[in-house]
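> Just need the structure, nothing else, for what follows:
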Amino acid sequence: MLPLSPCSKFAFAGIRGAGLCFLTLCAISIFVGCGRNQAETKPMGTVSGTVTYAGKPITRCRINFNSSKFGIGAGGDLKEDGSYELDGAIPAGAYAVFITPPDDFSPANADSHTDLNNLPSKYRSESTSGLTADVKEGDGKYNFDLE
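Numbering: from 1, shown residues only. Predicted coordinates:
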């Protein structure tokens, strides 16, 4: 074995130090990358219920749940009996609720959406509906009797 010069010893120590730094960064990346994101750890709830106006079911409309806290929204079309089910689970928390035309709405079929036309316009906007829901973890029923 050849003796190392003083300069070679420092060069070897620098390479070893860089390798240790690289391994540390790799380990940190693995631990951070393996963690679950916040949306997966948030309690989730499914939402269903009925919407009526003056005691009669609202149909051919869509109910919308919107959360300014989470920056998300979800909705579900109202069936012939006024029942609905949101398209998927949403994070538990407070939501503003409002009614809009269904997904399949077009000007050509506007006349068939008389329930929306008969509904007071205040229910068609998140800011004016006054409807709210506090979604809990698990399955939840949220019925709305509009007046």
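> Could you use CA atoms for every contact and neighbour count after this?
Fine.
> If we ignore the residues flanking it in sequence, what's nearest Gly75?
Nearest in space to Gly75, with sequence neighbours left out and distances taken as CA to CA, 6 or more residues apart in numbering, is Asn64 at 4.2 Å.
> Distance of that neighbour relative to Thr41?
Between Asn64 and Thr41 the computed distance is 24 Å (CA to CA, to the nearest Å).
> and what of Asp139?
To Thr41, Asp139 is 17 Å away according to CA to CA.
> swap in Ala54?
Ala54 is 40 Å from Thr41, where distance means CA to CA.
> before we move on, what about Gly130?
Remark: distance between Gly130 and Thr41 (CA to CA) = 30 Å.
> Name the residue in those two with the higher neighbour count.
Gly130 (12 against 9; other CA atoms under 10 Å).
> Per-residue pLDDT of the more buried one, please?
We have a pLDDT of 96 for Gly130.
> same thing with Val32?
Confidence at Val32, expressed as pLDDT, is 54.
> partner strands of the helix or strand containing Ser48, parallel or antiparallel?
Secondary structure assigned from DSSP states H and E places Ser48 in strand 44-53. Sheet pairing of strand 44-53 (DSSP bridges) gives strand 56-57 (antiparallel), strand 83-85 (antiparallel), strand 90-91 (antiparallel), strand 138-141 (parallel), strand 144-146 (parallel).
> Deepest-packed of those, please.
Neighbour counts (mean count of other CA atoms under 10 Å) averaged over each of those peak at strand 90-91, with a mean of 23.
> Give the next helix or strand downstream of that one.
Per DSSP H and E, the first helix or strand lying C-terminal to strand 90-91 is strand 93-100.
> who's in contact with the helix or strand that that next one is followed by?
Downstream of strand 93-100, the first helix or strand assigned by DSSP H and E is helix 114-118. Where contact means CA atoms under 8 Å, 6 or more residues apart in numbering, the residues beyond helix 114-118 that reach it are 58-61, 100-101.
> Quick check: bridge partners of Ser67?
With DSSP bridges as the criterion, Ser67 is bridged to Ile72.
> ignore the last one, Ala94
Applying DSSP bridges, one finds that Ala94 bridges with Asp134.
> tell me the pLDDT at it?
Per-residue confidence at Ala94 stands at 96 (pLDDT).
> okay, now it: neighbour count?
Residues contacting Ala94 under the criterion other CA under 10 Å number 17.
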